[in-house]
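Q: Any chance you could fold what I've pasted below:
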Amino acid sequence: MSEEKIEKRKKIVLDWIKEPSNATLIAILILAFAIRMYYFPTIKGQPLWWDEAEYMATAKHWAFGVIYNLNGQRPPLFQALAALAFKLGLQEAAMRILLVIIPSVILSFTIYLLGKEMFDKKIALIAAFLSSISWTFVFWSLRLQPDFFSMIFQVLAVFFMWKYWKEENKKMILPALSGLCVALGVYFKVSALLVPMIFIVFIFLKERLSAFFNKANYVFSISFLISMVPYFIWSYFTFHDVLALRGGYTPDRTALEFAIGWYNFRFYYFLTEGVVFILFLIGLILALKFLFYSDLLLKEKKHWLNADIFCVLSLAFVSAFYIFYIRNTDDRWVFLWMPFIFLLAGKGLMFIYDKSKKYSKPLAILIIAVLLALSGYYQYKHFDSIIETKKDSYMPTKLSGIWLKENANKNDRVLSAGYTQTVYYSEINVTHLTGDYATQASFDGFLQNTTPRYVILSALEYNPPGALEWVQNNQNRVTPVQAYFSDAEKKNPILIIYEIKY
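A: Residues are numbered from 1 along each chain as shown. So this is what the prediction gives:
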C-alpha cells in the first residue's frame, strides 16, 4: 500500500475522531472497558454459579470429553466459543475478558447505533453512557454467560429493521440482515425470539393487512429461518427434537399455578434506581404523547413509524410476556428492556437540557453534567457493593470440585446437588442429586443403582430429605473426607463430601 493511501486513511480516522460526538463515544467505550477491567483482578477466580457452570461444563464436554448431560434449552453458540477457547489453551480468566467483558462494551456501541437511528446523536450518547455504567450490565459482564452476545444481535436486529422502515429507497438487505441477527441472538439466548414477536405486533399496527403483501416481511422471515437451519439440525441429532430450546420458555403446570407476575414492574426501578429512573419516567411520559393523537394513528398508518411508540411497545411487550406467560422475572431476562429504558432516559435528560437552556446554556450544561454524575454514582454504589458481596458465593462448591479433581479417580462417581459446578470443577462422572428422594428408602435404592463413591451434601443447595436421613442413620457406611465451614472456628459445616462404603 502506498504512503499516500496510508496518509489518506489516517486523515479519515483522525477527522472522524475529531468529531465531538465520535470522541465522546470513544471515551464512553473506554470508560465501560476500564470499569470492568478495574474489577477483573477481584473476580477472575470467582466461583461459577449454576448457569455459568452449565455453559462452561458443556464447553469442557465438547473440548475434552468431560461427562455431562447437555441441556436442550441452552442454545449452543456461547458454549461452542468457550470450547474453542479451551482447545486453544485459554484459561477461564481470559474467557471472561473475550466472551463477556468485551461483548458488554460492544453492546454499548450497538445501543449508540440504535439510538442515533431512532432519535439523534445526543440521546444515543446518553444511552450508551448509561449502558456503560448500568449496575446490572457491569455485574453480569463479570459472569460467564451469553447475554451480551445475544443482546448485541438483538439490538442490531432492531437497528437494521428501523433503518429499513425509515429509508425511502428500501434495501432488502436490511430486513435480511435483521433476520440473520435475530437468529444469531437465538443461538446465544432463546429470549432473542422476543424481538421478532415485537416486530410482528409493530408491523401489524403499522401496516395492518398490507403486512401480508410487504416483501420485506418475507425477506426477514426467510433470512431468519434459513439462518436457524444449522441449529435445527444440531438440535435434532443431539436431542431428537428440532426445537429442544423451547423447554426453557414453556411454562409447566406448576408455573401456570403461580400468581400473575405483577412484581415485574418493580424491576423498572430495581434496574435503574435514583436519577436514571426519574429520567426514564420523564422520557416515558414524553413518549406517551402519541396517545393524544391515537385518532390519527387509526386513520393514517404513516404515524406509527415513531421511535417513542416502538420503545413503549417493546417495554410493554416484554413486560406482558414475563407477567402473564412466564409469570416470573429476573434482571437478565429483561435485558431487552434496557436499550429502550436508556433511550427514554436520554430523551428525558435532553428535555431538561432544552428547558434549562432557555434561561442559561452554561447552567443547562452544568445540570446535565450533575445529573449524569449522580446517575453514575448511584450505579457505582450498587455494582461495587454487589460485586464485592457475591464474589465468593459458592466458593465451597468450587473448592469441593477441585478437591475431587485432585483426589478422586477418573472412574469414580459423585452425587451432587450442585451438578453443573461439580462437573465443571471436578471433571469426573457426576450424577445430579435431585430433590426426588423424600425418604431414606428411596435414596438407598438410588445409591444401589448408581453406586457413587462420594456424596456431597451442601447447605448452598437443596438436599433431598431422604439423603439427609440416610446419612444420619448410616454413619457406619459414610466417612466425611472433606468439609468446608462458614466460620473460622470450623464449627458450622456448609458443605461435606462423604465417601460411601458398600
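Q: Number of residues surrounding residue 86?
A: 18 (other CB atoms under 10 Å). Quick note: C-beta positions are derived from backbone N, CA and C, even for glycine.
Q: Assign it to helix, strand or coil.
A: Classification of residue 86 using DSSP: H, G, I helix; E, B strand; the rest coil returns helix.
Q: need the contact list for it.
A: 59-60, 63-64 (CB atoms under 8 Å, 6 or more residues apart in numbering).
Q: Among those residues, which one lies nearest to residue 349?
A: Nearest to residue 349 out of these is residue 59 (CB to CB; 41.1 Å).
Q: these two touch, right, the closest one and residue 74?
A: No. With contact defined as CB atoms under 8 Å, residue 59 does not reach residue 74; the gap is 11.1 Å.
Q: between those two, who's got more neighbours?
A: Set side by side, residue 59 and residue 74 show more neighbours around residue 59, with 26 against 21, by other CB under 10 Å.
Q: can you pull the contacts of that one?
A: For residue 59, the contact set (CB under 8 Å, 6+ apart) comprises 79-80, 82-83, 85-86.
Q: swap in residue 303?
A: Going by CB under 8 Å, 6+ apart, residue 303 touches 290, 293, 296-297.
Q: got the domain boundaries for the chain?
A: 20-390, 395-500 (automatic domain parsing).
Q: Could you dump those domains into JSON lines and include distance to residue 4 and mean pLDDT?
A: What follows is the domains of the chain, written out as JSON lines (distance: least, CB to CB, whole Å; pLDDT from 0 to 100):
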{"stretch": "domain 20-390", "distance to residue 4": "24", "mean pLDDT": "94"}
{"stretch": "domain 395-500", "distance to residue 4": "54", "mean pLDDT": "94"}
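Q: What distance do you get for the most centrally placed residue in the chain to residue 486?
A: Taking CA atoms, centre = their mean, the centroid of the chain lies closest to residue 147, which sits 2.6 Å from it. Distance of residue 147 to residue 486, given as CB to CB, to the nearest Å: 31 Å.
Q: pretty sure residue 28 belongs to a helix, no?
A: Yes. According to three-state DSSP, residue 28 belongs to a helix.
Q: hey, C-alpha coordinates of the host helix or strand of residue 179 in CSV?
A: Per DSSP states H and E: residue 179 is located in helix 173-188. Output of helix 173-188 as CSV, limited to C-alpha atoms (Å, rounded to 0.1, in the frame of the first residue of the first chain):
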residue,chain,number,x,y,z
ILE,A,173,-30.5,-6.4,2.5
LEU,A,174,-31.6,-4.6,5.7
PRO,A,175,-34.5,-7.0,6.7
ALA,A,176,-32.3,-9.9,5.6
LEU,A,177,-29.6,-8.7,8.0
SER,A,178,-32.2,-8.2,10.7
GLY,A,179,-33.4,-11.8,10.3
LEU,A,180,-29.8,-13.1,10.4
CYS,A,181,-29.1,-11.1,13.6
VAL,A,182,-32.2,-12.4,15.4
ALA,A,183,-31.1,-15.9,14.5
LEU,A,184,-27.6,-15.2,15.9
GLY,A,185,-29.2,-13.8,19.0
VAL,A,186,-31.2,-17.0,19.4
TYR,A,187,-28.0,-19.1,19.0
PHE,A,188,-26.9,-17.5,22.3
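Q: roughly how far is it from the heart of the chain?
A: On the basis of CA atoms, centre = their mean, to the nearest Å, helix 173-188 sits 17 Å off its chain's mean C-alpha point.
Q: swap in stretch 120-135?
A: 18 Å.
Q: which residues sit against that stretch?
A: Residues from elsewhere that reach stretch 120-135 (CB under 8 Å, 6+ apart): 21, 24-25, 28-29, 31-32, 35, 105, 107-109, 111-116, 137, 271, 273, 276, 338-339, 342-343, 345-347, 349-350, 372, 375-376, 379-380, 382-383, 386.
Q: one more time with 7 Å, if that's ok
A: 21, 24-25, 28, 31-32, 35, 107-108, 111-112, 115-116, 137, 276, 338-339, 342-343, 345-347, 349-350, 372, 375-376, 379-380, 382-383 (CB atoms under 7 Å, 6 or more residues apart in numbering).
Q: I figured residue 391 hits residue 47, correct?
A: No. Contact criterion CB atoms under 7 Å: residue 391 and residue 47 do not qualify, at 8.6 Å.
Q: of the two, who's got more company?
A: Neighbour comparison, residue 391 and residue 47: the larger count goes to residue 47, with 22 against 16 (by other CB under 10 Å).
Q: measure residue 87 to residue 60 for me?
A: Residue 87 is 11 Å from residue 60, by CB to CB.
Q: For those two, indicate the residue with more neighbours.
A: A direct count of neighbours by other CB under 10 Å for residue 87 and residue 60 places residue 60 higher, at 21 against 12.
Q: and residue 421, what element?
A: Assigned by DSSP H and E, residue 421 belongs to helix 419-426.
Q: And the next helix or strand after that helix, what's buried?
A: Using DSSP H and E, the helix or strand that follows helix 419-426 in sequence is strand 429-432. Residues of strand 429-432 classed as buried by neighbour count (16 or more other CB atoms under 10 Å): 429-431.
Q: repeat for stretch 267-281
A: So stretch 267-281, judged by 16+ other CB under 10 Å, has buried residues 267-268, 270-273, 275-281.
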